[in-house]
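>>> what shape does this take:
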Amino acid sequence: MKKLVFSILFAMLAVVGWAQDKPASAVLTGKVVDAKSQKPMQSAVATIENTSFMGLADAEGVFRIEGVTGGKQMLRISSAGYSDKLLPIDLKEGQTLDLGIVVLEEDQTSEQQLALITLTENDLGDDNSGSESTSGLLQATRDTYQQAAAFNWGQARFRVRGLDNEYGTTMINGIVMNKIYDGRPQWSNWGGLNDATRNQEFTTGSAPSDYIFGGVLGTQEINTRASIYRPGTRLSAAGANTNYTWRTMATHASGMSPDGWAYVISAGYRGAQEGYFEGTDYDALSLFASVEKRLSDSHSLNVTAIYAQNSRGKNSPNTQEVTDLAGVKYNSYWGWQDGKKRNSRDKDVEEPIFILSHFWKINDRNRLNTNVSYQTGKIGNSRFDQQNANNPDPSYYRNLPSYYLNYGTFDDQFNFTHLPDLNGAAAAKDFFLANRQIDWNAIYEANQNTVNGNSSIVLYEDRTDDTQWSANSIFSSTLSDNIDLNAGVNFRRLKSHNFQNLLDLLGGQYFLDIDTFNTSISDDATQSDLNNPNRQVRVGDTYGYNYNLFATTIDAFTQFRFRYRKVDFYLAQSFSRNDYKREGLYRNGLYANNSFGDSKNAVFETFGFKGGATIKITGRQFIDLNAVYMTKAPTMRSTFANARLNNNITPDLAPERVTGGDISYVIRNPKFKARLTGFYSKMQNTTELSFFYAESIGDETNAEADQDAFISEILTGADKQNIGAELGLEYQITSTLKITGAANYGQYIYTNNPRLRVNDDALATEDNQQPIIDFGKAYLKNYRVAGTPQQAYSLGLEYRDPKFWWVGANINWLDDNYLDVSNILRTDNFTLDSQEGVSFPGADDANVRAALKQEKFDGFSLLNLTGGKSWKVGGTTFGFFATINNVLDREYKTGGFEQSRKATYPDFVQDNSSVAAGLNGGARGFGPKYFYGYGRTFFVNFYVNL
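I've put the predicted structure just below:
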């Protein structure tokens, strides 16, 4: 594939040699007005399809495009909140074509889309594991396939091309919003500001962007320049039963005044005492302001401020045993306290953003946009911490029937040699059903009765306080009538303070800052900070771990676009440098010589090349090709294998190698639009980190190593391949009736057996500050990459009445979604008894294959209904729309993961014994944990445009 990419790039360079001489150019002009008010539409965009020719409407609604190639073309007129208009045109070289007045109608479905783009936010882990759909990247596009992916499949966590969000780039005014820590955007930093963030540009895959080189998923640019917003005031109120139950928003845009000022202000609030899942409270306040001053015809300054505070209660993933007992809406994270539901696992985000932008029109052919951004704030994820106390989670494995049913011992034929404790299992079931939530009162009572007031259970948060400066400059130049240049440079500097913050002593007077899990190793090993041993910590104190991460990144790109009568093509290249460092603020007792102070710098230099072409069969049909080869720096999360405790850098760490390409056949007629795309992506040398408790994972020669341990699992050198096809169809049956169709068929797999190591803290000594156990290969080849349906299909019908009401329905089918497998279970450690040097009894090929077969979730259908109506009264528009998703109330799994605690075949057999024996109520105590999608949900929105 790499050879193919470079071959395409050089072939396109050769095209310059035979490309025809530039033809005499034509000029296109017209005036865009609102269908209801007949008022001019400032900032409406006119674009010649499949080219880079575009024009922006002025205050009178007039646009003008110069230098256009003659011949038959398709012109798209668009504006945020309005339906696009696609017009066939025939340009004569050397002449001007005046289209006169072009009327745009309000797009009520865009109101629906802007409202429903909220993410489910039920992450598979506290580390924002990327399990969410990629729908947040798609709200700027009108492509039929991508609309289906965002608004019909997004609720099932569908990922476009099977790719994680870290392979796309999200920007605000050209400033990259992807976190340096994990490469993913933090959507809630601008959540609830739908109206303020609706001016967007989107590219698919590795297609060219004016702002950045990008990745293999695509780019999303949010433009907050005040002068481009449609003047007016918008008020809205909504009700729902998803992650929030009600929402209000207000936005006002002034437009550009005669003295050169423009401003936009927006505010929103979303809240719920309880969302769709039990105990999931929601509280989010969002504020936005953008002010622009036009200094002259060539210079403008714009200041943008975004504040989005978000607090939500999380929902627990559950084993099948727990779901069978308590239902799919069950959430073990909450309990009653003083008559209110209190969630122990809250996620709180508060990271305001400030951006200063300078726009410089150097001349008619050259423009320079420079932006400086400052972002600071905090992210907190709360949970329990305990010392010498039972786990307060009611679904803890010792509280469930499976613990008693699997208690006996048995041979390799699953025959019990001791009877399971049936009475104990029945009692555990009754107790769980009667006490299925956290008992906050019992925790307070236990802490109030401890000796010397030392709390045995407290509530803390894993805190990240980031401060980041960013700056970029984006240069655009029309080198000739046929060649455009885009170039940019981006700089980011991050200081990330990470620590445990004590939130609530839960009735006690203090908490001792030690790790009782390490008591059996040594007294020093229990200390979080040897510089301040045996500290008593109280609310607001830092304890447990405390360190800074520093990052400096710089990247630059250039991009050339060439436009000719029958073919357009582009070439782009990039270079990046990432520099990471850890500064330990505690001297950890396990890593006394490698935790306090600065780590070594981890520096990665990466590059990228990409190119593509658009072959114009006719003005309405074309073939689009894109290819990319790039290297991608590891994230900070992947760089430090156990950042909470030490300065160690992940072994054998190197940049990823990313190869991608796609080819599309596109038809764009006024009544019929279609796109068929084949795509390919390969990610090589990827790194994955996981943290969990495991049993029997150590070296049998070390007594400590073969006990239960909390470990960090390091998977390096993993290769993944995503290949598939996308189809989007749209046909305007009549002027009021439209049918749409979309399909995705993919195969996303691991293509090699990467190397797996484990960092086991219990093995750390003064002479061994990097206690790594090498497990060799993890046999993952041909396993499916989890986290998304790999097949998805949609069929929709929409009716739009001339009197401004509409109704639509979509039926969808999603399939080929797989469980995320445990890596360590797929090493030799699972099957081989290292003490004897042979396989465990019963661990033959058939039994191991059955035990390790990847679970495929059942396919499911989703029926979604939408409808709306608007009225024009004087100069004011009133409207509403409503949606019902999953009308048939289908129950389905959106994701899940295997637990890794039972790390050997005998442990797995014991954990599965009651199931294998066919016992009534038999279940795996450490079986997979699952997430479920929403059942039947609704959304109703009322709005007023003044």
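>>> look at Pro88 and tell me its secondary structure.
Classification of Pro88 using DSSP: H, G, I helix; E, B strand; the rest coil returns strand.
>>> which strand residues bridge it?
Per DSSP bridges, the residues bridged to Pro88 are Met74.
>>> for Leu104, see how far away it is.
Per C-beta to C-beta, to the nearest Å, Pro88 is found 17 Å from Leu104. For glycine as for every other residue, the C-beta is placed from the backbone atoms N, C-alpha and C.
>>> between the two, which one's more packed in?
The residue with more neighbours, out of Pro88 and Leu104, is Leu104; 20 against 13, by other C-beta atoms under 10 Å.
>>> hmm, that one is touching Leu86, no?
No: with contact defined as C-beta atoms under 8 Å, Leu104 does not count as touching Leu86 (11.7 Å).
>>> overlap in contacts, those two.
Residues touching both Leu104 and Leu86 (C-beta atoms under 8 Å, 6 or more residues apart in numbering): none.
>>> host element of the spatially closest residue to Val537 that is not a sequence neighbour?
Leaving aside its sequence neighbours, Val537 sits nearest to Tyr543 (C-beta to C-beta, 6 or more residues apart in numbering; 4.4 Å). Here Tyr543, judged by DSSP states H and E, is contained in strand 542-563.
>>> got it, and Gly100?
Secondary structure from DSSP H and E places Gly100 in strand 96-104.
>>> for the stretch 151-300 of the chain, what spans make up the strands?
168-172, 175-176, 200-204, 218-222, 232-240, 246-253, 261-272, 282-294, 299-313 (DSSP state E, counting those that start in this stretch).
>>> take these and lay them out in TSV including distance to Leu400, mean pLDDT and mean neighbour count.
Below are the strands of the stretch 151-300 of the chain laid out as TSV (distance: least, C-beta to C-beta, whole Å; pLDDT from 0 to 100; neighbours: other C-beta atoms under 10 Å):
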stretch	distance to Leu400	mean pLDDT	mean neighbour count
strand 168-172	40	96	25
strand 175-176	45	96	22
strand 200-204	46	91	20
strand 218-222	43	95	25
strand 232-240	33	95	18
strand 246-253	36	96	19
strand 261-272	29	97	20
strand 282-294	29	97	20
strand 299-313	23	97	20
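>>> quick one: strands adjacent to the strand holding Tyr543?
Sheet partners by DSSP bridges: for strand 542-563, these are strand 483-504 (antiparallel), strand 567-584 (antiparallel).
>>> quick one: closest of those strands to Ser638.
Closest approach to Ser638 among the strands paired with strand 542-563 is made by strand 567-584 (10.0 Å; C-beta to C-beta).
>>> what's the neighbour count on Asn752?
Around Asn752 there are 18 residues (other C-beta under 10 Å).
>>> what do you get for the one 5 residues further on?
Arg757 is surrounded by 21 other residues when neighbours are defined as other C-beta under 10 Å.
>>> tell me where this protein is predicted with low confidence.
Per-residue confidence for the chain (pLDDT under 70) gives these ranges: 1-24, 36-37, 50, 52, 107-142, 408-419, 520, 696, 698-708.
>>> run through the bridge partners of Tyr460.
Going by DSSP bridges, Tyr460 forms beta bridges with Arg383, Leu502.
>>> relative to Ile663, how far out is it?
Distance from Tyr460 to Ile663, by C-beta to C-beta: 52 Å.
>>> neighbour count: the two, which is higher?
Comparing Tyr460 with Ile663 by other C-beta under 10 Å, the one with more neighbours is Tyr460, at 24 against 15.
>>> the more buried one against Leu502, yeah?
Yes: proximity of Tyr460 to Leu502 meets the contact threshold set by C-beta under 8 Å, at 5.2 Å.
>>> shared neighbours, these two?
Tyr543.
>>> CSV for the strands of the stretch 151-300 of the chain, including distance to Ser357?
Putting the strands of the stretch 151-300 of the chain into CSV (distance: least, C-beta to C-beta, whole Å) gives the following:
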stretch, distance to Ser357
strand 168-172, 10
strand 175-176, 9
strand 200-204, 15
strand 218-222, 12
strand 232-240, 23
strand 246-253, 17
strand 261-272, 13
strand 282-294, 8
strand 299-313, 4
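>>> of all these, which one comes closest to Tyr892?
strand 232-240 (19.5 Å).
>>> pairing partners for the closest one, with directions?
Applying DSSP bridges, strand 232-240 is found paired with strand 246-253 (antiparallel), strand 937-945 (antiparallel).
>>> roughly how far out does that strand sit from the chain middle?
Between the centre of strand 232-240 and the centre of its chain there are 26 Å (C-alpha atoms, centre = their mean, to the nearest Å).
>>> and stretch 245-259, how far apart are its ends?
From its first residue to its last, stretch 245-259 covers 43 Å (C-alpha to C-alpha, to the nearest Å).
>>> Ile65 is in contact with Met54, correct?
Yes: between Met54 and Ile65 there is a contact at 6.7 Å, judged by C-beta under 8 Å.
>>> and Asp761, what does it touch?
Counted by C-beta under 8 Å, 6+ apart, Asp761 has contacts 518, 590, 642, 645, 709-711, 771.
>>> among the residues you listed, which one lies nearest to Glu321?
Looking across the contacts of Asp761 and measuring by C-beta to C-beta, the closest to Glu321 is Phe710, at 23.4 Å.
>>> the closest one bridge partners, please.
Tyr693.
>>> residue contacts, it?
Phe710 neighbours (C-beta under 8 Å, 6+ apart): 517, 691-693, 761.
>>> any idea which of the residues you listed has the most stuff around it?
Result: Asp761 is most packed of these (other C-beta under 10 Å), 22 neighbours.
>>> follow-up on the earlier one: got the contacts of Phe710 as a markdown table, with distance to Glu855 columns?
A markdown table is the format used below for these (distance: C-beta to C-beta, whole Å):
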| residue | distance to Glu855 |
| --- | --- |
| Phe517 | 31 |
| Phe691 | 22 |
| Phe692 | 18 |
| Tyr693 | 22 |
| Asp761 | 31 |
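>>> relative to Asn920, which of these is nearest.
Tyr693 (29.2 Å).
>>> many thanks, we can stop here.
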